[in-house]
Structures are given as C-alpha cells and as structure tokens.
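S.K.: Pasted the sequence and its predicted model underneath.
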Amino acid sequence: AVRQYMQQRNMEVLVILEGIDATTSSAAQARQSYTADDIGWDASFVPCARRAPGGGIRIDFEKLHHVTPLSNLAGNFSTPRACRRQVGTCSFSLPADQLPT
C-alpha cells in the first residue's frame, strides 16, 4: 500500500545526515533521495554493531550495507516493535540495489 501510494504521487524520501568532526569541529552533511523504485521492501539491515568485550561498541563495516529479506529472519514480525525486539533494529525501506540476490 505504501509503495503504491508513493508511486501514484511520484513521492520521494529525502534523507539528510549531519554531524561534526570531533577533531576539527567541522560540520559535515550528506543528502540522498529515494523514490519508491529505489526502496527494497520487506527487508531489514543485518546487525553490524556489537558490544565489545572490554566495553564500547564494535562495528563490522563489512556488514554496514548488508540487508536481508524479513522472511529470512526468525520470529514473528507482525509489527515493527516485534521486529525490533528480535533483531535490535528494524528498517522496512532500503535501497533496492542493496538487497541480497
């Protein structure tokens, strides 16, 4: 229903990410837009962040852009909350070229 709604109205999602470099205090900004055709539906990012044994968080950058169809994940994802409980994050809209083949 959301995909059709977006397509019929020629809608797109605009994502703006902004941050500050801790070393130089310089601001950085990235922008990207996605149409309904750019989005992979019914998929979630593969978890890529884990707690490190000595504290802190370890990020596996190899997995940063990996996604998997929700049907590949165990559990009942009838609601986003159920999905978050199972995998720790829940993203239902992803770039189509990021979906595994």
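M.R.: Yep, it's here.
S.K.: Checking Ser71 next. Helix, strand or coil?
M.R.: Put simply, Ser71 is helix when judged by DSSP: H, G, I helix; E, B strand; the rest coil.
S.K.: Asp42 is in contact with that one, correct?
M.R.: Yes - between Ser71 and Asp42 there is a contact at 7.3 Å, judged by C-beta atoms under 8 Å. For every residue, glycine as well, the C-beta is placed using N, CA and C.
S.K.: and those two? which has more neighbours close in?
M.R.: Asp42 (12 against 8; other C-beta atoms under 10 Å).
S.K.: Quick check: the residue with the largest distance to the centre of the chain vs Lys63, distance?
M.R.: Distance from the C-alpha centroid of the chain peaks at Thr24, with 28.2 Å (C-alpha atoms, centre = their mean). According to C-beta to C-beta, to the nearest Å, Thr24 stands 28 Å off from Lys63.
S.K.: Please apply the same query to Gly19.
M.R.: 21 Å.
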